[in-house]
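*Asks:* what's the 3D shape of this:
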Amino acid sequence: MWLIRGKTVGDGSSDGATVTTVSRGSSLLESTLRVGKLRLRHSGQWSCKLLPAATSDGRGGGGGGGGQQRSVDVLVVGSTTKLCPPRMTETPRGRYSWGAAIGGHTVRQECRKRKEEEDGGGGGSVTHEMAHLLCKEGGRWAATANVSQCGYTSRVSGSILLFGYLCAFVVLARCNLSQGLVASQ
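*Replies:* This next block holds a predicted model:
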């Protein structure tokens with residue numbers, strides 16, 4: 001049985017789909033779904049569900065792998081759908097290649113982040129995080145990718161950033177300390 005978004009489809013329905021099944025005895029070998037003309041309404045999760053084989057009294061539940069299901073998400077892109085073209089971005093946290101995307105969707109891809117060992121001995125483990133880039137409704141990419149979860153590609157870049165944070169902290173601490181002295185006089 002074929003389903004789209006949980007509703008049965010196939011021969012005789014108004015969705016323009018036909019189902020062809022090949023079986024040997026009581027065993028289903030193959031089920032093929034064909035859609036004559038794809039329309040935007042065909043977007044959604046399509047599922048092929050194997051029903052339980054009938055028992056000798058004609059009821060379901062006789063075994064045969066019943067209840068197994070495979071699904072695929074289908075997105076039909078219309079002629080008016082806005083697409084973002086493929087794009088490359090390069091940051092201190094890596095170089096990213098973004099494929100074409102549909103307007104209004106955020107594209108994600110895996111990036112690496114090195115976690116330094118707590119003892120400071122170098123090395124460390126690598127975790128897999130996500131980089132994000134928004135394809136806006138009008139088919140234009142956002143100005144920058146969100147790579148905040150990703151690690152720096154060189155230790156120098158990471159060190160410079162940490163040094164900058166340290167300097168900013170020292171300046172803020174001095175400002176707070178001097179303001180505190182002025183207020184107490």
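*Asks:* residues in contact with the helix or strand harbouring His128?
*Replies:* According to DSSP states H and E, His128 maps onto strand 125-135. With contact meaning C-beta atoms under 8 Å, 6 or more residues apart in numbering, strand 125-135 is reached by 83-84, 87, 89, 93-94, 96, 98, 101-115, 117, 141-142, 145-147, 149-151. Any C-beta I mention is one placed from the backbone N, CA and C, and that applies to glycine too.
*Asks:* what are the buried residues along it?
*Replies:* The neighbour-count check on strand 125-135 (16 or more other C-beta atoms under 10 Å) flags Ala131, Leu133, Leu134, Cys135 as buried.
*Asks:* also stretch 148-155?
*Replies:* Residues Cys150, Gly151, Tyr152, Thr153 are the ones in stretch 148-155 that count as buried (16+ other C-beta under 10 Å).
*Asks:* list just the nearest of those residues to Ser71.
*Replies:* Nearest to Ser71 out of those is Cys150 (C-beta to C-beta; 31.1 Å).
*Asks:* what bridges to the closest residue to Thr81 other than its chain neighbours?
*Replies:* Nearest residue to Thr81, sequence neighbours excluded (C-beta to C-beta, 6 or more residues apart in numbering): Ile102, at 6.3 Å. Beta-bridge partners for Ile102, by DSSP bridges, are Leu83.
*Asks:* next, count neighbours for the nearest residue to Gly99 once chain neighbours are set aside.
*Replies:* Distance criterion C-beta to C-beta, 6+ apart; nearest residue to Gly99, sequence neighbours excluded, is Pro86 at 5.4 Å. Pro86: 11 surrounding residues under other C-beta atoms under 10 Å.
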